[in-house]
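K.L.:
what would the 3D arrangement of this be:
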Amino acid sequence: MIREYVEDPSNDRKWVIFDGPVDAVWIENMNTVLDDNKMLCLSSGEIIKLTDTMTMMFEVEDLKEASPATVSRCGMVYLEPEQLGIDVFIDSYVHTLPYFLEEYADNVRSIMKWLCPPLIEFVMRKCHKPVPVTDLEFVVQTLNIFDSYMGEYRRMLV
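P.N.:
Have a look, this model is predicted:
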């Protein structure tokens, strides 16, 4: 994909987004891309110069494996999970529904937005939790439970 973007002569912006955990060796190898010269040095010895229309974005959970040099090359946007609110997770889940359930997407969204806040309040106040759980983790697990009932419908896609 990066080669295709480099060879594309158009002035359209091209985004390469990496989403996942940061591996120490992998991210250190990305330092040359993050420098001003934007050179991707592959383990084969090949060097690919990224164009000015290309941007690399990393969406990571944490920066435990990244060196200060790597962090200093990146612009950081950090969001506390509580700032996102539960709607983001519910909306994200609804977008994963199979195409033949799209007509029910608004219903699923409404039910989850109606159901989750009182469930969270009940669990946080009345239930013993052997492991601390945030509101967002609770919503994600609620959606996982709901999704477990969707297995039959998801198998219909295969």
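
K.L.:
tell me the pLDDT of the residue of the chain most remote from its centre.
P.N.:
What lies farthest from the middle of the chain is Lys126; by Cα atoms, centre = their mean that is 32.0 Å. pLDDT, Lys126: 92.

K.L.:
so how far is Ile120 from it?
P.N.:
11 Å (Cβ to Cβ, to the nearest Å). C-beta coordinates here come from the backbone N, C-alpha and C atoms, glycine included.

K.L.:
again with Leu136
P.N.:
In terms of Cβ to Cβ, Leu136 sits 10 Å off from Ile120.

K.L.:
Thr51 now?
P.N.:
Computed as Cβ to Cβ, the Thr51 to Ile120 distance reads 47 Å.

K.L.:
okay, the two: which has more neighbours?
P.N.:
The neighbour count for Thr51 versus Ile120, taken as other Cβ atoms under 10 Å, is higher for Ile120 (18 against 14).

K.L.:
looks to me like the more buried one is in a helix.
P.N.:
Yes. Looking at Ile120 with DSSP: H, G, I helix; E, B strand; the rest coil, it is inside a helix.

K.L.:
pLDDT score for it?
P.N.:
91.

K.L.:
next up, the contacts around it.
P.N.:
86, 135, 138-139 (Cβ atoms under 8 Å, 6 or more residues apart in numbering).

K.L.:
surely Phe58 forms part of a helix?
P.N.:
No. Under three-state DSSP, Phe58 falls outside any helix and is assigned strand.

K.L.:
distance of the nearest residue to Val16 once chain neighbours are set aside from Phe146?
P.N.:
Nearest non-adjacent residue to Val16, counting by Cβ to Cβ, 6 or more residues apart in numbering: Met56, 4.9 Å away. Distance, Met56 to Phe146, by Cβ to Cβ: 35 Å.
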